[in-house]
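Visitor: Predicted model and sequence below, questions to follow.
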Amino acid sequence: LPGAFVMLGLSLLYAYGRGVTAIDGALFGIKAAVLVIVVEALIRIGKRALKSWLMIGLAALAFVGIYFFDLPFPLIVGLAALTGYLVARSRPDLVGLTTTQVVEAGRGAGRWRQFGLALGIGLAIWWAPVALAALLLGSGHVLVAIGLFFSKLAVVTFGGAYAVLAYMAQQVVQSHHWLTAREMVDGLGLAETTPGPLILVTQFVGFLAAFRAPAPFSPLGAGLIGAALTTWVTFVPALLWIFAGAPFLEELRANKRLAGALAAITAAVVGVILNLSVWFALHVLFGTITERHLGVLRWYAFDPAGLDTHAAILAVTAAIIAFRFHRGMIEVIVVMALLGIASQY
C-alpha cells in the first residue's frame, strides 16, 4: 500500500505536470537510470539461473522467440515449463537440481478443504469489482477492459515484473492503445522510484487508461478508480495463489519435475528480460523506433543518426555510478533525476 500511494501520486503528477521543465527533466534523467537498473537485473538473474547449457539455450530461445518472432509471453513460459518438467527426471543437473534438493514431504490433513475455501473466497473478491464495473458501465467500458487485462497479466506473471513488462508494454501500446511507447518507458521509470514492487507500474497504466476515457466520471475520478481496480486485480490473484497453495507447499517443493519446470521458466525469463532491455534501450536512446516485419520475422528499426546524445551521456553516467561505484538504486535515480533537470536548462 505505501508503494501504491506513492505510485498514485506520481501518476497524478505525470498526468497534470507534463510540460513543466523540472518534471520533464526529472523523467528524462530517471529513464536513463532505469535503463541501467534493468541491465543490472538481467545480469543478477542471469548469474543465478543460467547454470547449464540447457538453461543458457532456453534463455537464448526465449529471446529469439519474443524479439524476432513476437511469440506471446505465456507461450514462452509454457514451453519452458514443459521442457524443464520433462528433463528434470532424467537429467536434474541440466535444470540446476541436485538429489539433496528433492526430499519427501508429508501430507497435511484437511488441505483440500483449506484449498477450496481459499479458492472460493479469493475468486469472489478478485472478480467482484470487475463484475460490478461490467454491470454498471457495460462490458465495453475501459474499466472492464482494465480489470480483464490486468487479471490475465497477474496469472502469467512468472519471474517478476521485469519478465512480464515487455508483454504488458506490447499489449498496452499496440493492442489497447492506452499509452504510447514513450509513456510506457516513463511509467517504468516512475515505478522504480517507489518503495513498492516494480509491478506497480500496472497502476500507472490503469490510471492513465481510465483518465483518458473517463465517461461517465471526471478524468480524475476515472483515473483514481482505474488505479484502484488495477492494483486490486494485480495483487489479489497473487494472494489467492499463496493461500490456496500453502497446504501443498512442502509436497510441491519435493516434486522434482515441478522444480525443474520452475527452474526452466526462470532461465527463459532471462531471455525475456534481455528483450525488455533492448526494447527499453532503443526507446530511451533513439528518437523514432519502427516495428518492421518480413513474413513471420519481426524487428525494431532505428536510425543510428537519431541517437539522443543527452540520453546516451546520462545512461553512461548512470552505468558508471551503478557498476563502478556500486551505488544503490535510489541514489542512482536521485542523481540522474537531478542531472536530467539540469540538462533541460
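Guide: Received, thanks. Numbers count the residues shown, from 1 in each chain.

Visitor: Check residue 259 and give its pLDDT.
Guide: Listed pLDDT for residue 259 reads 87.

Visitor: what comes up buried for the helix or strand encompassing it?
Guide: Following DSSP states H and E, one finds residue 259 within helix 256-285. For helix 256-285, the neighbour count (16 or more other Cβ atoms under 10 Å) marks 256-277, 279-285 as buried. C-beta: built from backbone N, CA, C; applies to glycine.

Visitor: Also stretch 235-254?
Guide: 235, 236, 237, 240, 244, 247, 248.

Visitor: distance of the closest residue to residue 126 other than its chain neighbours from residue 4?
Guide: Nearest residue to residue 126 in three dimensions, chain neighbours excluded: residue 236, at 4.6 Å (Cβ to Cβ, 6 or more residues apart in numbering). Distance, residue 236 to residue 4, using Cβ to Cβ, to the nearest Å: 13 Å.

Visitor: Report the distance from the helix or strand harbouring residue 231 to the chain centre.
Guide: Here residue 231 is covered by helix 219-245, with elements defined by DSSP H and E. Mean-position distance between helix 219-245 and its chain equals 15 Å (Cα atoms, centre = their mean, to the nearest Å).

Visitor: helices or strands up against that helix?
Guide: Contacts defined by 3 or more Cβ pairs under 8 Å, 6 or more residues apart in numbering; DSSP states H and E place helix 219-245 against helix 2-17, helix 111-137, helix 142-155, helix 201-211.

Visitor: quick one, what contacts the residue nearest to residue 145 when sequence neighbours are not counted?
Guide: Leaving aside its chain neighbours, residue 145 sits nearest to residue 176 (6.8 Å; criterion: Cβ to Cβ, 6+ apart). Taking Cβ atoms under 8 Å, 6 or more residues apart in numbering, we find residue 176 in contact with 145, 149, 209.

Visitor: ok, the second one touching residue 171?
Guide: Yes. When contacts are counted by Cβ atoms under 8 Å, residue 149 is listed as touching residue 171 (6.8 Å).

Visitor: Of those two, which one has the most company?
Guide: residue 149 (22 against 17; other Cβ atoms under 10 Å).

Visitor: residue ranges with poor pLDDT in the protein?
Guide: Where the chain drops to pLDDT under 70, the residues are 99-109, 159.

Visitor: who touches whatever helix or strand residue 318 lives in?
Guide: Element membership of residue 318 [criterion: DSSP H and E] is helix 309-319. For helix 309-319, the external contacting residues (Cβ under 8 Å, 6+ apart) are 28-29, 31-33, 35-36, 39, 281, 284-285, 332, 335-336, 339-340, 343.

Visitor: In contact with residue 181, which residues?
Guide: Here residue 181 is in contact with 169, 173, 283, 289 (criterion: Cβ under 8 Å, 6+ apart).

Visitor: Can you flag the buried ones in those?
Guide: For the contacts of residue 181, a burial check counting by 16+ other Cβ under 10 Å picks out 169, 173, 283, 289.

Visitor: thinking again about what came up before, quick one: work out the angle between the helix holding residue 259 and helix 309-319.
Guide: Here helix 256-285 runs at 140 degrees with respect to helix 309-319, directions being taken by axes from the mean of the first three to the mean of the last three Cα atoms, to 10 degrees.

Visitor: So which other helices or strands are in contact with helix 256-285?
Guide: Going by 3+ Cβ pairs under 8 Å, 6+ apart, helix 256-285 lies up against helix 21-49, helix 53-67, helix 73-90, helix 161-170, helix 181-192, strand 297-302, helix 309-319.

Visitor: Export the ones you listed to TSV and append columns for distance to residue 112.
Guide: Formatted as TSV, the helices and strands packed on helix 256-285 follow (distance: least, Cβ to Cβ, whole Å):
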stretch	distance to residue 112
helix 21-49	33
helix 53-67	34
helix 73-90	23
helix 161-170	30
helix 181-192	38
strand 297-302	45
helix 309-319	51
